[in-house]
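A.B. asks: The sequence isn't on hand, but the structure is:
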């Protein structure tokens, strides 16, 4: 297996304090953005704590994004310092945003950048230094000061930089406690870096895994006897598949008591698979956005139990106001939940853990005047007051009022890896196409036949079914369909005919 790094809270504090002093020695002051593209590891956590503790807004940029998107992230964030692999920093002379920043590499040397080891400045006697602004002599923070800058998935277009203040970040941590309890004696395995920080803030033990290495995660599950697990749908589906009868993690999965799924829609098929792989776990699906985490919660048992008009995301999280409004309309100042059953519209949300602040807004403090965040998701409410996601604003599919219902149905079929229902331009006008990605060992013709019969039963006989080599998804969690890219891919292939 791959080498594993383990650190105690004391070592983590020493690392973070040393990095904070290193940032100060390099001339960075409170308010200067620091972009970190380090892989999931204790050093990533230490860098994040160092930046947050020193009052330096932490810019999270996913290295798995396409090069053009990653350059856009750097241009928008305008960081004063960048910690990244050599593969990116080697291009610094050609990237203005990198030219203007201090540069440290995570994996060796490259001309124009220093190794990360040279950033750390500390001694053994600092082993229990508090990671705080006093470490670098900065002024005390304000709740509205920028703390974290992260980018949307970009599934509907260009990724946007979302600014979370210290107050919003703390409120999100408090809101997540209901969905992911963190007993200090527990061990939490996650592929979500922010979930690892949430666990550490609760005094627990975090096992941080790479989302693209489910086999390593399965081995770590057994090695550390994890009691809770979290991740995006794609990661957890792959992890469940690795927990076969002969996998050493299979027995350990039976000891998992809590599970959180976030970062993308959760289908009934995934809920079934996770229920089988983690039979003793109480699972929760979390619906949220970069600007608002969480928005709504629902037990995985409810997701598994029934079909509906799309993907079930449940009831609003505590302290969260949710409204369904016509796209473009303004939410009511007082929007009680639930609205009447059958209400349909764009999901809007507000609360202490919600931000509408974006890079480029021009304000260094505070949020935008509009307290409501428009998610871009379409949804409806059922008789039980539960929210279902049915589609996306700006991605209407002709003749299909709830395109997510078609996707949800496809994802219940064995062998279907991903699905996306989109409008595809054709000579006679746009047509509804449901693209499905089928596993290599599945009978594609059988899958299409079964899906065709189900769609006809649901009154979706106008939807064409096409098997594609892959359904394009977001780079961050590999769990949200990039609908514009899928529609363009189908149009090029002539699959609207």
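C.D. replies: Received, thanks. As the structure is a computational prediction, the values presented were derived from the model and not from experiment.
A.B. asks: From here on, just use CA atoms for contacts and neighbour counts.
C.D. replies: OK.
A.B. asks: Tell me which residues touch residue 487, please.
C.D. replies: Contacts for residue 487 (CA atoms under 8 Å, 6 or more residues apart in numbering) come out as 422, 423, 424, 425.
A.B. asks: Now with 6 Å, please.
C.D. replies: By CA atoms under 6 Å, 6 or more residues apart in numbering, residue 487 lies in contact with residue 424.
A.B. asks: and it, how far is that from residue 143?
C.D. replies: Relative to residue 143, residue 487 is positioned 43 Å away (CA to CA, to the nearest Å).
A.B. asks: Same question for residue 439.
C.D. replies: 48 Å.
A.B. asks: Next, name the residue at the spatial heart of the chain.
C.D. replies: By CA atoms, centre = their mean, the chain has its centre lying nearest to residue 263, at 3.8 Å.
A.B. asks: If I look at it, what pLDDT would I see?
C.D. replies: pLDDT for residue 263: 92.
A.B. asks: Enumerate every residue touching residue 33.
C.D. replies: Residue 33 makes contacts with 56, 57, 79, 80, as judged by CA under 6 Å, 6+ apart.
A.B. asks: again, only using 10 Å
C.D. replies: Counting by CA atoms under 10 Å, 6 or more residues apart in numbering, residue 33 touches 51, 55-59, 77-82, 101, 146-149.
A.B. asks: Now intersect those with the helices, please.
C.D. replies: Assigned to helices by DSSP state H, the following of the contacts of residue 33 qualify: 51, 77.
A.B. asks: What helices and strands are in contact with whatever helix or strand residue 466 lives in?
C.D. replies: In this structure, residue 466 sits in strand 464-468 according to DSSP states H and E. Taking 3 or more CA pairs under 10 Å, 6 or more residues apart in numbering; DSSP states H and E as contact, the helices and strands that strand 464-468 lies on are strand 416-424, strand 431-438, helix 444-457, helix 483-493.
A.B. asks: between that strand and helix 483-493, how big is the angle?
C.D. replies: 90 degrees (axes from the mean of the first three to the mean of the last three CA atoms, to 10 degrees).
A.B. asks: returning to that earlier point: turn the helices and strands packed on strand 464-468 into TSV, columns for distance to residue 357.
C.D. replies: Below are the helices and strands packed on strand 464-468 laid out as TSV (distance: least, CA to CA, whole Å):
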stretch	distance to residue 357
strand 416-424	30
strand 431-438	35
helix 444-457	41
helix 483-493	25
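A.B. asks: Can you tell me which of the ones you listed is nearest to residue 163?
C.D. replies: Taking CA to CA, helix 483-493 is the member of the helices and strands packed on strand 464-468 nearest to residue 163, at 25.2 Å.
A.B. asks: quick revisit: the residue nearest to the centre of the chain contacts residue 481, correct?
C.D. replies: No: in this structure, residue 263 is not within contact of residue 481 by CA atoms under 10 Å, at 11.7 Å.
A.B. asks: Overlap of the contact sets of the two?
C.D. replies: Both residue 263 and residue 481 are contacted by residue 153, under the criterion CA under 10 Å, 6+ apart.
A.B. asks: residue ranges with poor pLDDT in the stretch 351-497 of the chain?
C.D. replies: Applying pLDDT under 70 to the stretch 351-497 of the chain flags the ranges 361-370, 495-497.
A.B. asks: which residue ranges form the strands in the stretch 1-150 of the chain?
C.D. replies: Ranges of strands in the stretch 1-150 of the chain, per DSSP state E, counting those that start in this stretch, are 34-36, 58-60, 81-84, 102-105, 114-115, 146-151.
A.B. asks: could I get these as TSV with distance to residue 444?
C.D. replies: TSV is the format used below for the strands of the stretch 1-150 of the chain (distance: least, CA to CA, whole Å):
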stretch	distance to residue 444
strand 34-36	42
strand 58-60	39
strand 81-84	41
strand 102-105	45
strand 114-115	49
strand 146-151	36
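A.B. asks: which one of the ones you listed lies closest to residue 312?
C.D. replies: Comparing the strands of the stretch 1-150 of the chain against residue 312 with CA to CA, the closest turns out to be strand 146-151 (24.8 Å).
A.B. asks: partners of that closest one in the sheet?
C.D. replies: Partners of strand 146-151 in the sheet, by DSSP bridges, are strand 58-60 (parallel), strand 161-165 (antiparallel).
A.B. asks: Which one of those strands lies nearest to residue 398?
C.D. replies: Closest approach to residue 398 among the strands paired with strand 146-151 (CA to CA): strand 161-165, 31.6 Å.
A.B. asks: Now the element after that closest one, going C-ward?
C.D. replies: Per DSSP H and E, the first helix or strand lying C-terminal to strand 161-165 is helix 166-176.
A.B. asks: quick one: buried residues of that following helix?
C.D. replies: Counting neighbours by 16 or more other CA atoms under 10 Å, one finds that the buried residues in helix 166-176 are 166, 167, 168, 169, 170, 171, 172, 173, 175, 176.
A.B. asks: related to what we said a few turns ago, distance to residue 304 and mean pLDDT added to the strands paired with strand 146-151, as TSV?
C.D. replies: Listed next are the strands paired with strand 146-151 as TSV, based on distance: least, CA to CA, whole Å; pLDDT from 0 to 100:
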stretch	distance to residue 304	mean pLDDT
strand 58-60	33	92
strand 161-165	32	91
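A.B. asks: Can you select the buried ones among the contacts of residue 33 for me in PyMOL?
C.D. replies: In PyMOL, a selection of the buried entries from the contacts of residue 33 looks like this (16+ other CA under 10 Å):
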select buried, resi 51+55+56+57+58+59+77+78+79+80+81+82+101+146+147+148+149
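A.B. asks: how many neighbours does residue 327 have?
C.D. replies: 17 (other CA atoms under 10 Å).
A.B. asks: what sits against it?
C.D. replies: Residue 327 touches 345, 346, 347, 348, 374, 376, 377, 378, 393, 394, counting by CA under 10 Å, 6+ apart.
A.B. asks: Neighbour-wise, give me the winner out of those.
C.D. replies: Among these, residue 347 has the most neighbours (other CA under 10 Å), with 27 neighbours.
A.B. asks: secondary structure element for that one?
C.D. replies: Assessed by DSSP H and E, residue 347 sits inside strand 344-350.
A.B. asks: what residues does the strand holding residue 466 touch?
C.D. replies: 410, 416, 418-419, 421, 431-438, 444-445, 447-449, 451-452, 455, 486, 489-490, 493, 495-497.
A.B. asks: Separate out the buried members of those residues.
C.D. replies: 410, 416, 418-419, 421, 431-438, 444, 447-448, 451-452, 455, 486, 489-490, 495-496.
A.B. asks: Could you list the buried residues of stretch 386-394?
C.D. replies: Neighbour-count burial for stretch 386-394 flags 386, 387, 388, 389, 390, 391, 392, 393 (criterion: 16+ other CA under 10 Å).
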